[in-house]
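Enquirer: Structure, please.
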Amino acid sequence: MQTDARYRSTGTLVGLECDDDRNLYVTIANNGLMDAALGGRLYAAANQAAVATTAALAGTWTGLCISNPTGNSKNFVMHEFSWGMSVVGSDDGAVGLITCTIAAPASVITSINQYRGGAASTAYVDDGATIVGGALIRPCGDYGTGATNLIVSTGPHVIDLKGGIVLTPGYTLATYTTTATTAAFVFGFVWEEVDV
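Expert: Numbering: from 1, shown residues only. Coordinates of the predicted model:
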């Protein structure tokens, strides 16, 4: 009969605990992304001011993107995409996500380790770039010209990607709007960096 369990992160054995009736005492091991955050692998980034967007797959693109540098030793597991409108929209359209490559990735927005004090991200986070070979992969919502509290899909606009998009080195995930908009959107991403 086994009386010990193995601790996942270190492989060491730990004793099992029972209640007064000798029933095994079990608790939930984590809460959502807690393991990734405690491990210093979870990052977030967002526009720090409202940004204008370009229409669809325009090569000279603006919004928010996360790029995994070519030759990086990490894959980026995408967990969350979010957006909000700071003012009334200048047009009607749909919000989504595209995957592409970027001619010259740069980082102009700081990504934040969700384990405060943890290591810096290896990602490039940008709000404007030249995209190559873009394709819409996730329509996520809509926007419009009505007052922000009258839009049918008024927030919170938080899309749980459930790790269903993985950026390998050399690839980018970027925001998408069907039409060009004035500076109204604030976008955000949450991702985990894991060894290739």
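Enquirer: longest strand in this structure, by residue count?
Expert: Ranked by residue count and defined by DSSP state E, the top strand of the chain is strand 124-143.
Enquirer: Show me what it is packed up against.
Expert: In terms of contacts (3 or more C-beta pairs under 8 Å, 6 or more residues apart in numbering; DSSP states H and E), strand 124-143 is packed against strand 60-67, strand 74-85, strand 93-102, strand 157-167, strand 172-177, strand 181-195. All C-beta spots, glycine's among them, are computed from the backbone N, C-alpha and C.
Enquirer: can I get these in JSON lines with mean neighbour count, distance to residue 145 and mean pLDDT?
Expert: Putting these into JSON lines (neighbours: other C-beta atoms under 10 Å; distance: least, C-beta to C-beta, whole Å; pLDDT from 0 to 100) gives the following:
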{"stretch": "strand 60-67", "mean neighbour count": "23", "distance to residue 145": "19", "mean pLDDT": "96"}
{"stretch": "strand 74-85", "mean neighbour count": "21", "distance to residue 145": "11", "mean pLDDT": "96"}
{"stretch": "strand 93-102", "mean neighbour count": "20", "distance to residue 145": "10", "mean pLDDT": "95"}
{"stretch": "strand 157-167", "mean neighbour count": "16", "distance to residue 145": "17", "mean pLDDT": "95"}
{"stretch": "strand 172-177", "mean neighbour count": "25", "distance to residue 145": "13", "mean pLDDT": "97"}
{"stretch": "strand 181-195", "mean neighbour count": "20", "distance to residue 145": "10", "mean pLDDT": "95"}
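Enquirer: and those as TSV, adding distance to residue 52?
Expert: Listed next are the helices and strands packed on strand 124-143 as TSV, based on distance: least, C-beta to C-beta, whole Å:
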stretch	distance to residue 52
strand 60-67	6
strand 74-85	12
strand 93-102	13
strand 157-167	18
strand 172-177	10
strand 181-195	5
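Enquirer: wait, which of those is closest to residue 126?
Expert: Nearest of those to residue 126, taken as C-beta to C-beta: strand 60-67 at 5.4 Å.
Enquirer: Tell me which strands that closest one pairs with, and in which orientation.
Expert: Using DSSP bridges, the strands paired with strand 60-67 are strand 124-143 (antiparallel), strand 172-177 (antiparallel).
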